[in-house]
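**Q** Give me the fold of what follows.
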Amino acid sequence: MVACIVSKEVLASLGITKLPYFPAFDRVLVFQLQDAIGEKAGKDSVIFVPEAIQHREKRGECRGVLIAAGATALDHLVAHGIEVGDVVWFSKLAVWRHVIERRDGKEIEVMFLRSADIAGSEKLLDMVQDDEAEIVADSAGNHQWKISGELRPRFQPPVDDQ
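**A** Prediction:
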């Protein structure tokens, strides 16, 4: 069975206590990860970053945890070696943000994307580098992922008959 949503423990670790709804079709929910805003300038010192720049940098990070996926999105992602719970990179311009909670003066938001807006997975990169995953071709020349010795189902996009 393939997970369509991360565990309650993972959601809690991200500071999420509830999701307002579940993504449908080819949509996914991603929780944006933040890198440290105040970077070390030297021993025991921190560079001051104005709040306006912090806000812009927060919006600019294109990396997050895939927390839920609709059925079509799961077909698409699993065929490409990406699973719910992976740290993924995504297209910056594709993001639709939704505030799901306000706590202690902070907004907690998730991002809605199409599965095709996900550019890659850090876990998949590690697996490729460790020779646990590879792309193989069948006799017809169709390519698919082989992960830990198991072929992933090939994703066949729906065809519009009109």
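**Q** Show me where this protein dips below the pLDDT cut-off.
**A** Along the chain, segments meeting pLDDT under 70 span 1, 35-60, 94-95, 157-162.
**Q** Strands of that one, start to end?
**A** 27-32, 40-42, 45-46, 63-69, 87-90, 96-103, 106-114, 118-121, 133-137, 143-147, 150-151 (DSSP state E).
**Q** Mean neighbour count and distance to I16 added to those strands, as TSV?
**A** All C-beta spots, glycine's among them, are computed from the backbone N, C-alpha and C. As requested, the strands of the chain are exported to TSV (neighbours: other CB atoms under 10 Å; distance: least, CB to CB, whole Å):
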stretch	mean neighbour count	distance to I16
strand 27-32	23	7
strand 40-42	9	29
strand 45-46	10	28
strand 63-69	23	7
strand 87-90	20	16
strand 96-103	12	7
strand 106-114	17	6
strand 118-121	18	19
strand 133-137	12	29
strand 143-147	16	28
strand 150-151	10	31
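**Q** Out of those, which gets nearest to E9?
**A** strand 63-69 (12.2 Å; CB to CB).
**Q** Can you dump the C-alpha atoms of that closest one in PDB for me?
**A** Included here for strand 63-69 are C-alpha records, laid out as PDB according to Å, rounded to 0.1, in the frame of the first residue of the first chain:
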ATOM      1  CA  ARG A  63      12.200  23.000  -1.000                       C
ATOM      2  CA  GLY A  64       9.600  21.300   1.300                       C
ATOM      3  CA  VAL A  65       8.200  18.100   2.700                       C
ATOM      4  CA  LEU A  66       5.500  16.400   0.500                       C
ATOM      5  CA  ILE A  67       2.800  15.900   3.100                       C
ATOM      6  CA  ALA A  68      -0.200  14.600   1.000                       C
ATOM      7  CA  ALA A  69      -1.100  13.700  -2.600                       C
END
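**Q** Remind me what that strand packs against, helices and strands.
**A** Identification of packing neighbours for strand 63-69 by 3 or more CB pairs under 8 Å, 6 or more residues apart in numbering; DSSP states H and E yields helix 8-13, strand 27-32, strand 87-90.
**Q** CSV for those, including distance to G120?
**A** Formatted as CSV, the helices and strands packed on strand 63-69 follow (distance: least, CB to CB, whole Å):
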stretch, distance to G120
helix 8-13, 20
strand 27-32, 13
strand 87-90, 5
